[in-house]
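In: Provide a 3D model corresponding to the input given below.
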Amino acid sequence: MKLKPLDIIIIGLIVFFLFGFTHISIAFILSSSDQDQEVKSSQEDQAPQAQKQTVQESGERINKADQKEKGKEEGIEEEEKTIEIADPLYVWNKGVYYFNDKLYFWLLKPVAQGYSAIFPEGVRFSISNFFYNLTTPIRFLNSLLQLKMKSAGNELIRFVVNSSVGVGGLGDFAKDKLDIKRHKEDLGQTFGYYGVGHGFYIMWPFIGPSSLRDTVGLIGDAFLDPVNYITPVQDSLEITASDEVNDISLHIGDYEDIKKSAIDPYISIRDAYVQNREKKVKE
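Out: Residues are numbered from 1 along each chain as shown. Sure thing, here's the model as predicted:
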C-alpha cells in the first residue's frame, strides 16, 4: 500500500523528533559530578600518607597541595569559561524548547511506553546494539580524523567481532568478553578537536539541543549512516523511526529527572549539553 505525501511528512517529523530527543540525556549532567568524585577520592588517598611524614615534609606537602588546589580552581574557572556558549537566539530557542517539551510528553513518551510494554528490555537492548554496530563508519572515520588510531582500531575490531560472534551486532561480545568499550565519536567532536568553536546555541524543532558546529556535524555524519542509503526512502524512515523509538524506550525518565532537579530546565539542558560536548572533545 502506497503512503500518501501527508503520511510521509508525518513520519519524517516523528523521526526527526525522536532523533533529537535521544541527545537529551542525563549523562550530560553527570560528567561534572564524576570529576568531583575523582578529586575527593584522590584527596582521601593522600591523607594517610601525609600523616606519616615529618612536620617539615607535611608543611611542604601542604604548600604544594595549596598551589595545586589553586591551579585546579584556576583550571576550573578556565574550563567554565570555555564551555559557555552564546545564545543570541534565546527567544526562538526557548519557544522551541517548550514545543519539544510538549511533544515529548504528549507523543513520544506514550509511544515509547507502549513499545516497552510489547518488547522486553533484553530484546530492546539487542536492537540498540544492532543499530550501534551499524553506525560504525561514523565513529571509525571520525577517530581517524582525530588521529585516534587506537580508537579507530577498536572500532574495526568491535565491528568484526560483534557482526560475527555477536550475531549481526545483536550482542556486544566485544564489550562483554574482550572489554573493548564503546567510545562515541562524531563530526562535531572532530571539528572541536581542530579548534572549531560551537558558534552559538540552537534548539531545533524535533531535533533538540545543538550548536552551529554540531548541526553541521550532524549533517556530515548522516552521509556515513548506512540506513540513509536504503531505498525507497519510506523504508529508511521506518527503520530510523524504529531505532529511535527503541532507544528512547530505554531512557524513559532521564528527561523527567532533568526537569525535576532544575530551577530552569532550559538553561540546565543548554549548559549540560555544552559541558558534555566539551568533555567529549577533550577525551
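In: can I assume Arg270 is in contact with Tyr201?
Out: Yes - with contact defined as CB atoms under 8 Å, Arg270 counts as touching Tyr201 (5.8 Å). Every C-beta, even on glycine, is put in place using the N, C-alpha and C of the backbone.
In: intersection of neighbour lists for the two?
Out: 85, 87, 93, 209 (CB atoms under 8 Å, 6 or more residues apart in numbering).
In: quick one, what contacts the first one?
Out: Going by CB under 8 Å, 6+ apart, Ile85 touches 198, 200-201, 211, 270, 274.
In: how many other residues sit next to Ile118?
Out: 9 (other CB atoms under 10 Å).
In: just to revisit the earlier point, could you redo the shared contacts of Arg270 and Tyr201 as TSV and give each row distance to Asn162, secondary structure and pLDDT?
Out: Listed next are those as TSV, based on distance: CB to CB, whole Å; DSSP: H, G, I helix; E, B strand; the rest coil; pLDDT from 0 to 100:
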residue	distance to Asn162	secondary structure	pLDDT
Ile85	36	coil	93
Asp87	40	coil	95
Asn93	38	helix	96
Pro209	30	strand	95
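In: any idea which of the residues you listed has the most stuff around it?
Out: Pro209 (26 neighbours).
In: Quick check, pLDDT for the nearest residue to it once chain neighbours are set aside.
Out: Spatially, and ignoring its direct neighbours in sequence, Pro209 is nearest to Tyr273 (4.3 Å; CB to CB, 6 or more residues apart in numbering). pLDDT recorded at Tyr273 is 94.
In: residues near Tyr273, how many?
Out: For Tyr273, using other CB under 10 Å, the count is 25.
In: where does the residue nearest to Tyr266 when sequence neighbours are not counted land in three-state SS?
Out: Nearest residue to Tyr266, sequence neighbours excluded (CB to CB, 6+ apart): Tyr97, at 4.9 Å. For Tyr97, the assignment made with DSSP: H, G, I helix; E, B strand; the rest coil gives helix.
In: and the gap between Tyr97 and Lys259?
Out: According to CB to CB, to the nearest Å, Tyr97 stands 11 Å off from Lys259.
In: same check, this time on Ser143
Out: 34 Å.
In: Can you flag the buried ones in the contacts of Ile85?
Out: Burial by neighbour count, 16 or more other CB atoms under 10 Å: within the contacts of Ile85 this picks out 198, 201, 211, 270, 274.
In: Poorly predicted segments of the stretch 51-200 of the chain, please.
Out: 51-82 (pLDDT under 70).
In: Can you report how many residues neighbour the residue nearest to Asn100 when sequence neighbours are not counted?
Out: Using CB to CB, 6+ apart and skipping residues adjacent in sequence, the residue nearest Asn100 is Gly208, 6.1 Å away. Close neighbours of Gly208, defined as other CB under 10 Å, add up to 23.
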